[in-house]
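Peer 1: Compute the structure for the input listed below.
(one chain, ligands or ions: 2)
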Amino acid sequence: MALRLYNTLSGKIEEFQTLQKNQVRMYACGPTVYDYGHIGNFRTFVAVDILHRFLEQSGYTVQHVMNITDVDDKIIRNSSREGVPVQTYTAKYEKAFLEDTLLLNIAQPKLARATEHIPEMAEFIAKLEAKGFVYRTEDGSYYFRIAKFPAYGKLSKKDFGGMQDGARVDVDEYEKDSARDFAVWKAPKPGEASWETSIGPGRPGWHIECSVMSMEELGETFDLHAGGEDLIFPHHENEIAQSEAYSGKPFARFWFHPRFLLVEGEKMSKSAGNFYTLRDLVLKGHKPSSIRYLLASVPYSTQLNFTFDGLKQAEVSVDRLRNFRLRLTSGQFPAGANPEMTKLAQETTDRMRAALEDDLNTPQAQAAIFDMARTANAAFDSGAVKQDDVPALLGALDKFNEIFAVLRDDDAPKIKSIAEWAKAEGRDISQELLGLLQSDALSDEQVNGKLAEMEAARKARNFPVSDAIRKELTAAGILVENTKDGVRWRRK
Ligand code: AMP
Ligand code: ZN
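Peer 2: Ligands and ions are numbered 1, 2, ... in the order given. Okay, the predicted model is just below:
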């Protein structure tokens, strides 16, 4: 069996194949660092991360490059409004973006910054001009002549038959149906950032940066290119035109486009008031793990309707799996083995793999692990799980977590880091988060020490002391449970 993936370019689900055996070269369009990332952005980044993780689990080495768009129309507008240089403006949001990816356990790709590749972009444009695909206008801007590239429209499946040769557009993002020559290089304007280059002064268009950086890092033809569905046109269509005109070779072979996230059934927008950054949600007390789990709870190929009920449900799901894991790691089991359990673990692993190989059907993989937890929990209760079954069940959970990355109890320190940021920024934060900031995070040893004290107090029937310790632990985000096997704990 092998991964079957929908390829926007062919319009079909295809078996995923790479140019070089066991090696994937992939490029994902990264963020434009002009603001904090919203959960829609992270839906796309989590989907790409899941693809990356699954390819690794399938035995591929993955070379994954992502650009950081640190110069574009919006950045220039915002930085000049604030009266700060472009680099100062973008550094803050790039840092926030990278912190946010850590919150969501997104494995970090190799980063490529647009402003660090300007001379290469100028050279690339010069070659396109020499080949007749690009022309210079009087003001010193350069445009791509799409009439010279008959395959234009092959990704977005648009028919640009009636287009007008020479009609131009110079903004990075434009109407979905306009086939116009687009800017690859923009002449300097007063007050805007610009660079001196071999093709004159100015700054790159958004599309050229991805063509240049992806080919530089991954070669003229590589395996897979990703980005949210809004990038199909014009961004990716334009990347294909520039790159294939340049090299005369096919550009990316697979095009992977996660669909949009909607909020309560509507498009997320600032004006509708349903616009959430990842940080907004964390400050409302939602755990990064619940958010990541929710973002993966619908196949990437379907739009995801974000609701707060869904987010609560995701938290319950993650808790259930964490409790199940804890039961496996801290429980006491009778000696021996129950072949039913080994079989259950193997079937679950196979079901998860089959679901993910089926165009990354993440909810089916989640369902498989839940079925296992349900059956194994019932078996625990009847004493049917034996010592030798534990590694197999834990192994299936590990396979699940290699992809979904939600089972480590690391939410509390993450939430705390965002609360610290919010406080430094002078934002309002809830009483609960303020409490979290005041409580010193306890290390595992400290928690174990306090639990021992609590137990000793309880045995000495000194209940005021044992209750006080329990309260202190709860305030520090530690959940303590008494079970028939003794006391166990985990982080909230
Ligand atoms: P940007 O920072 O706007 O360049 O976007 C970064 C990534 O997020 C791109 O791949 C976009 O396609 C994607 N994106 C933007 N809005 C959404 C959304 N509502 N749902 C899913 N992905 C989105
Ligand atoms: Zn791009």
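Peer 1: Can you report how many residues lie near the residue nearest to N274 when sequence neighbours are not counted?
Peer 2: In space, and not counting its chain neighbours, N274 is closest to V263: 4.1 Å by Cβ to Cβ, 6 or more residues apart in numbering. Backbone N, C-alpha and C define where each C-beta goes, glycine included. Number of residues near V263 (other Cβ atoms under 10 Å) recorded here: 21.
Peer 1: Does V263 touch G273 like I think?
Peer 2: No. V263 is not in contact with G273 according to Cβ atoms under 8 Å; the separation is 9.6 Å.
Peer 1: before we move on, back to that, which strand residues bridge the residue nearest to N274?
Peer 2: V263 has these beta-bridge partners by DSSP bridges: E266, F306.
Peer 1: Show me where the stretch 351-492 of the chain has its helices.
Peer 2: 362-381, 390-404, 411-424, 431-438, 444-459, 463-475 (DSSP state H, counting those that start in this stretch).
Peer 1: Surely A314 and L304 touch.
Peer 2: No. Look at A314 against L304 with Cβ under 8 Å: they stay out of range, at 11.5 Å.
Peer 1: any common contacting residues for these two?
Peer 2: Shared contacts of A314 and L304 (Cβ atoms under 8 Å, 6 or more residues apart in numbering): S297.
Peer 1: what number of residues lie near the residue of the stretch 51-200 of the chain at minimum distance from ligand 2?
Peer 2: Residue nearest to ligand 2 within the stretch 51-200 of the chain: N67 (5.9 Å; Cβ to the ion). If you count neighbours by other Cβ under 10 Å, N67 ends up with 24.
Peer 1: Now for it: which residues touch it?
Peer 2: Taking Cβ under 8 Å, 6+ apart, one finds Y27, C29, G30, L111, A112, R113, A114, E209, C210, M213, S214 in contact with N67.
Peer 1: now do F275
Peer 2: By Cβ under 8 Å, 6+ apart, the neighbours of F275 are H38, V263, M268, S269.
Peer 1: 7 Å instead, please
Peer 2: Going by Cβ atoms under 7 Å, 6 or more residues apart in numbering, F275 touches H38, M268, S269.
Peer 1: helices or strands next to the longest helix seen in the chain in the packing?
Peer 2: Assignment by DSSP state H gives helix 308-330 as the longest helix of the chain. When contacts are defined as 3 or more Cβ pairs under 7 Å, 6 or more residues apart in numbering; DSSP states H and E, helix 308-330 packs onto helix 288-295, helix 362-381, helix 390-404, strand 486-491.
Peer 1: Let me know the closest of the contacts of F275 to Q387.
Peer 2: Distance to Q387 across the contacts of F275 (Cβ to Cβ) is lowest for H38, with 47.2 Å.
Peer 1: give me the number of residues near the residue of the stretch 1-150 of the chain at minimum distance from ligand 2?
Peer 2: Across the stretch 1-150 of the chain, no residue is closer to ligand 2 than C29, which sits at 3.2 Å (Cβ to the ion). For C29, the count of nearby residues is 22 (other Cβ under 10 Å).
Peer 1: Distance-wise, check it relative to ligand 1.
Peer 2: 5 Å (Cβ to the nearest ligand atom, to the nearest Å).
Peer 1: ok, that residue - contacts?
Peer 2: N67, C210, G227, L231 are the contacts of C29 under Cβ under 7 Å, 6+ apart.
Peer 1: thought the second one was touching E239?
Peer 2: Yes. In terms of Cβ atoms under 7 Å, C210 counts as a neighbour of E239; the distance is 5.2 Å.
Peer 1: Please identify the deepest-packed of the helices and strands packed on helix 308-330.
Peer 2: helix 288-295 (a mean of 25; mean count of other Cβ atoms under 10 Å).
Peer 1: Would you mind naming what in the chain lies close to ligand 1?
Peer 2: Within the chain, the residues that sit near ligand 1 (Cβ under 6 Å from any ligand atom) are 29, 31-32, 40-41, 43-44, 227-228, 230-231, 260-261, 268.
Peer 1: Buried among those? Make that a PyMOL selection.
Peer 2: Buried residues among those (16 or more other Cβ atoms under 10 Å), as a PyMOL selection:
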select buried, resi 29+31+32+40+41+43+44+227+228+231+260+261+268
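Peer 1: Residue of this structure closest to ligand 1, please.
Peer 2: G228 (2.0 Å; Cβ to the nearest ligand atom).
Peer 1: So in terms of bridging, what pairs with K186?
Peer 2: Going by DSSP bridges, K186 forms beta bridges with R203.
Peer 1: check contacts around it.
Peer 2: Here K186 is in contact with S141, D170, G202, R203, G205 (Cβ under 7 Å, 6+ apart).
Peer 1: I'd assumed W185 was in contact with the second one.
Peer 2: No. The pair D170 and W185 does not pass the contact test of Cβ under 7 Å, sitting 10.1 Å apart.
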